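Undergrad: What follows is a predicted structure for the sequence shown.
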Amino acid sequence: MINKPIIIQAKTALLSEIYELIHRTIEEIYTKYYSDEAVRFFLELHSKKNILKDISDGKVYVVTLGRDVIGTGTLDGDHIKRLFVLPRFQGQGIGTLIMDRFESEIIKNYGAAWLDSSLPAGKFYSSRGYVAKEYKEHKLENDKVLAYEIMCRNNFPIDPNEYNAPSQLVRREMELQGIDFDKMREAFPKRLYLLADSLYDTMLAKNVGTLTYHVGGEVYVMNHDNCVGFVKGEMCSPGIATQAEDLIAAGAQELIHVGFAGGRVGTRIGDVVITNGAFNDTAVAGLYGYNGEIVETSKALTDFLCKEMETKGIKYHRGYHWTTDAGYVETNWRIKYFENKGVLCVEMEGAGLFSAAGFRSCHAAGIYVISDSDAGDDWDLGWGENVLETSIDKVINAIAMIE
């Protein structure tokens with residue numbers, strides 16, 4: 001039988017093993033990062049007396065493998081302290097095991113987890129979503145200084161099943177309209193296009209759909225296919241994320257945002273962009289648990305859109321774009337940062353939609369028509385230009401299956 005690491009609360013009988021583990025790790029690892037004075041400080045800080053007090057207070061935990069203690073950590077309220085893993089067991093998930101346990105305890109009673117980060121552990125903590133909140137310095141002997149960061153994490157994994165308010169709200173709305181919620185979900189269009197502004201007006205003018213539902217906006221069902229529909233998309237990431245929640249609760253399984261975007265280097269007014277995902281410059285994605293820089297679209301749905309555009313003879317760019325919450329304050333340095341990332345355009349909804357949809361296991365994608373551009377020396381507005389109007393018409397015809 002192969003032993004697996006387990007985490008248990010430490011007893012005083014393990015004091016010597018915990019002490020040896022900590023001191024061996026400091027002597028092997030910390031000497032690569034710190035001065036001799038700093039190393040001595042850490043060794044004195046983690047004395048048997050200090051460790052014993054925390055064990056007696058029920059704050060110390062250890063990870064054991066068989067009879068060996070291979071890792072330890074101390075949980076003091078909302079503060080994680082004294083996290084050490086024997087060097088030969090580092091990189092094997094022992095630190096993760098301890099952090100998972102501690103964070104699960106912290107979020108039961110507190111709003112955030114805090115820790116003082118050592119240099120060797122900084123990358124590990126950052127990868128878990130910890131952010132530096134304060135910079136500290138501690139004076140050492142021989143005029144040396146120990147610098148460290150106080151880090152905090154206040155975003156933790158979210159179980160969508162615990163946050164089912166949209167389905168409850170939509171069910172109630174349907175009841176008030178005299179509609180059977182469960183039957184509506186069965187008949188509701190599985191694919192919905194969320195159309196921005198004049199894109200929506202153009203679709204309405206084509207008279208290709210029938211107003212059928214009032215949920216998340218006025219939902220039209222396509223005349224050629226009752227599994228496909230469209231609705232006017234809400235503006236900005238919070239708005240479209242909330243709208244997406246309602247539409248998904250109603251039964252939508254694929255949400256496609258069709259909007260306008262500002263062109264960046266490589267795209268011109270009237271160009272069509274099919275996005276692989278959004279570089280996130282919004283608050284919404286983080287609130288849905290997305291802490292990475294990019295919120296991806298559904299590849300399968302994005303591939304489908306590309307094929308549809310190709311079938312209709314519509315040229316397009318495919319790549320990543322930038323979603324921002326501040327449409328009128330796109331500073332030069334942020335523009336340069338995202339241009340260096342290769343973004344094709346910038347808009348205000350994509351990341352919000354993709355975050356909410358991903359959270360609810362719904363497929364999402366985006367099509368953007370370049371309506372303006374400041375990639376050159378001046379801001380070039382395309383409104384009223386034939387090239388923009390032509391692109392709008394082509395995209396809407398493709399969606400509406402108009403030859």
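TA: Done, it's in. Numbers count the residues shown, from 1 in each chain.

Undergrad: So for residue 26, what's the nearest residue that isn't a sequence neighbour?
TA: Of all residues not flanking residue 26 in the chain, residue 42 sits nearest, at 5.1 Å (C-beta to C-beta, 6 or more residues apart in numbering). All C-beta atoms are positioned from the backbone trio N, CA, C, and that covers glycine.

Undergrad: what residues are up against the one you found?
TA: 26, 30, 34 (C-beta atoms under 8 Å, 6 or more residues apart in numbering).

Undergrad: any chance you could map the helices in the chain?
TA: Under the criterion DSSP state H, helices of the chain are mapped to 15-29, 36-45, 48-56, 94-109, 122-127, 165-176, 181-187, 197-206, 237-250, 284-287, 299-311, 332-340, 350-359, 386-400.

Undergrad: could I get the contacts of residue 42 as CSV with distance to residue 126?
TA: Below are the contacts of residue 42 laid out as CSV (distance: C-beta to C-beta, whole Å):
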residue, distance to residue 126
26, 21
30, 19
34, 19
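
Undergrad: closest to residue 7 among the residues you listed?
TA: The nearest member of those to residue 7, counting by C-beta to C-beta, is residue 26 at 21.2 Å.

Undergrad: Which residue of the chain lies farthest from its centroid?
TA: No residue in the chain sits farther from the centre than residue 142, which is 45.4 Å out by C-alpha atoms, centre = their mean.

Undergrad: How about that one, nearest residue that isn't a chain neighbour?
TA: residue 37 (5.6 Å).

Undergrad: gap between the one you found and residue 200?
TA: Distance of residue 37 to residue 200, computed by C-beta to C-beta, to the nearest Å: 67 Å.

Undergrad: same check, this time on residue 337
TA: Distance of residue 337 to residue 200, computed by C-beta to C-beta: 32 Å.

Undergrad: And for residue 215?
TA: The gap separating residue 215 from residue 200 is 16 Å, by C-beta to C-beta.

Undergrad: Comparing these two, which residue is more hemmed in?
TA: The neighbour count for residue 215 versus residue 200, taken as other C-beta atoms under 10 Å, is higher for residue 215 (24 against 21).

Undergrad: still on that earlier bit, generate TSV for the contacts of residue 42, with pLDDT as supplementary columns.
TA: Converted to TSV, these look like this (pLDDT from 0 to 100):
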residue	pLDDT
26	97
30	96
34	95
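
Undergrad: Next up, the contacts around the residue lying closest to residue 394 once chain neighbours are set aside.
TA: Distances taken as C-beta to C-beta, 6+ apart put residue 314 closest to residue 394, at 5.4 Å, once the chain neighbours are dropped. Counting by C-beta under 8 Å, 6+ apart, residue 314 touches 272, 394, 395, 398.
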